[in-house]
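Engineer: Sequence plus predicted model, see below.
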Amino acid sequence: MGTGGSTGTGGTSAPGGATATGGTTATGGTVATGGTTATGGATATGGTTGTGGASSGGAGTVHAAPNLVAFAVDSSSLYFSNGSALYACAAAGCSGSPRVLNDKGGAQVVVAGGHVAFYAELPTGNPAPGTETQRAYVLCPTTGCVNNGTVLLGFVKYGTLVGLGASSSDVFLSAEDPSGGQHLYRCAAPSNGTCASKVEVSPTKSGLITANSQHVFFPGAASGLGFDVLVVPVAAISVAPNSLGLTAKGLAAVEGGLYAIGVLPTSTAIVFCTGASCTGRQILTPVPSDASELAVDGTAFYWISGTRIQSCGRTGGCPGGPTTLAAQEDSPRALRAAGGFVYWLSGQGTATVVRRAKSVFP
């Protein structure tokens, strides 16, 4: 089995079905030097109020808000967007109004290295049609960057912001530039609101990105009911990815390996493999063909199957069948695992971040 417990937080695809409208020239593309320091988190004054935390023994609502579209979580805090601003509160639940981290925020949020990266639409001050807004990936310390933040990459008219992903220490972002060029960038070890370095690791694009300290994994071409899994070294500079020869429809990297919802010749199963070549593949447990989204922490792996959230242990597996954390969720999605808890987004309209304690596992 895989060792260690650091987990790639997975990826989020661009709003509106992974396409951003328009394009001329990218107006971001490089990390601002000097960056912006956090100005602290303001308190939200309207609209999004916490509904209380989960008890340590089971499922509960961490936060419910109109139009909650994306969230990320670490061991202490929840970071979320309602499409117009980025907020934070304690991972155990929002007590009162959450803090405003940034007055912009869209349908993608990841957290790594004490920083949140998110999609935002920023005013340009240009009134010409099609140029009023810059679509951007923004980097912000988890302490807040109200009214500012570092633009990692942005487009004013043409170009596509494709996806965000993270390892425990780095942020990854993918885009297609106005001329059709594809890019997967690494924002290494963010600190004080900026990246220690930002390089293109591969001339490709993806809306689902997961990584450990050695490799970045992401989908390639569609293959049957899934996609071909591609890999590139984290330290690469514009290297074409390699295929793992694995068809999957969900990925989660850990130190030393990769978990995947594998689409096999006669079944669907959770698969684990190691290294850049995905060797020593183990079929851990069969899952229904509707299984989607995958999260892993130090002791267990989790997946969504229809309305159910299920899990097995990383070391003992699930010889008696998977553990079901929840059986009747409303459109569950955005599965995450952090700090001994499992989180997911449930519901439409007024969406809810649900949290389940890991203590329920044997």
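Structural biologist: Good, I have the coordinates. These figures come from a predicted structure and were not determined experimentally. Numbering: from 1, shown residues only.
Engineer: Direction included, what does whichever strand or helix holds residue 282 pair against?
Structural biologist: Using DSSP states H and E, residue 282 maps to strand 279-286. Looking at strand 279-286 with DSSP bridges, its partner strands are strand 268-274 (antiparallel).
Engineer: pLDDT on the partner strand, on average?
Structural biologist: Across strand 268-274, pLDDT averages out at 95.
Engineer: got the buried residues for it?
Structural biologist: For strand 268-274, the buried set under the neighbour-count rule, 16 or more other CB atoms under 10 Å, comprises 268-274. Placement of C-beta: from N, CA and C, glycine included.
Engineer: Help me confirm that residue 244 comes into contact with residue 274.
Structural biologist: No. If you go by CB atoms under 8 Å, residue 244 and residue 274 don't touch, sitting 11.1 Å apart.
Engineer: okay, and the common contacts of these two?
Structural biologist: residue 258 (CB atoms under 8 Å, 6 or more residues apart in numbering).
Engineer: For the stretch 51-200 of the chain, give me the ranges with low pLDDT.
Structural biologist: Across the stretch 51-200 of the chain, the ranges flagged by pLDDT under 70 are 51-59.
Engineer: Please enumerate the strands of it.
Structural biologist: Along the stretch 51-200 of the chain, counting by DSSP state E, counting those that start in this stretch, strands occupy 59-66, 70-73, 77-81, 86-90, 99-102, 109-112, 115-123, 133-141, 150-155, 160-166, 171-176, 182-188, 197-202.
Engineer: cool, and the stretch 201-350 of the chain?
Structural biologist: Secondary structure of the stretch 201-350 of the chain, counting by DSSP E, counting those that start in this stretch: strands at 209-211, 215-223, 226-233, 242-254, 257-263, 268-274, 279-286, 291-296, 300-305, 308-313, 323-326, 333-338, 341-346, 350-357.
Engineer: what is the orientation angle of the longest one with strand 279-286?
Structural biologist: Strand 242-254 and strand 279-286 meet at an angle of 60 degrees, taking axes from the mean of the first three to the mean of the last three CA atoms, to 10 degrees as the criterion.
Engineer: Buried residues of strand 242-254, list them for me.
Structural biologist: Judged by neighbour count using 16+ other CB under 10 Å, the buried positions of strand 242-254 are 242, 244, 246-254.
Engineer: Can you tell me how far the nearest residue to residue 139 once chain neighbours are set aside is from residue 162?
Structural biologist: Distance criterion CB to CB, 6 or more residues apart in numbering; nearest residue to residue 139, sequence neighbours excluded, is residue 150 at 4.4 Å. Distance of residue 150 to residue 162, computed by CB to CB, to the nearest Å: 19 Å.
Engineer: Ok, residue 346 next?
Structural biologist: 26 Å.
Engineer: Which of those two has more residues huddled nearby?
Structural biologist: Comparing residue 346 with residue 162 by other CB atoms under 10 Å, the one with more neighbours is residue 162, at 25 against 21.
Engineer: Now do the more buried one against residue 282, distance only.
Structural biologist: Using CB to CB, we find residue 162 at a distance of 31 Å from residue 282.
Engineer: From the chain's centroid, how far away is stretch 320-339?
Structural biologist: Distance, stretch centre to chain centre, for stretch 320-339: 16 Å (CA atoms, centre = their mean, to the nearest Å).
Engineer: again but with stretch 62-76, I slipped
Structural biologist: 12 Å.
Engineer: circling back to that earlier point, which among the strands of the stretch 51-200 of the chain is found nearest to residue 353?
Structural biologist: Across the strands of the stretch 51-200 of the chain, residue 353 has its closest neighbour in strand 59-66 (4.4 Å, CB to CB).
Engineer: Am I right that residue 255 is in contact with residue 234?
Structural biologist: No. Counting by CB under 8 Å, residue 255 stays clear of residue 234, with 11.8 Å between them.
Engineer: Give me the common contacts of these two.
Structural biologist: Residues touching both residue 255 and residue 234 (CB under 8 Å, 6+ apart): 212-214.
Engineer: And the residues you listed, which is closest to residue 222?
Structural biologist: residue 212 (24.7 Å).
Engineer: Tell me how far the closest residue in space to the closest one that isn't next to it in sequence lies from residue 173.
Structural biologist: Counting by CB to CB, 6+ apart, residue 212 lies nearest to residue 253, which is 4.5 Å off, once chain neighbours are set aside. Per CB to CB, residue 253 is found 16 Å from residue 173.
Engineer: Over to residue 302?
Structural biologist: Taking CB to CB, one finds residue 302 at 25 Å from residue 173.
Engineer: now do residue 217
Structural biologist: Counting by CB to CB, the gap between residue 217 and residue 173 amounts to 15 Å.
Engineer: Much appreciated, bye for now.
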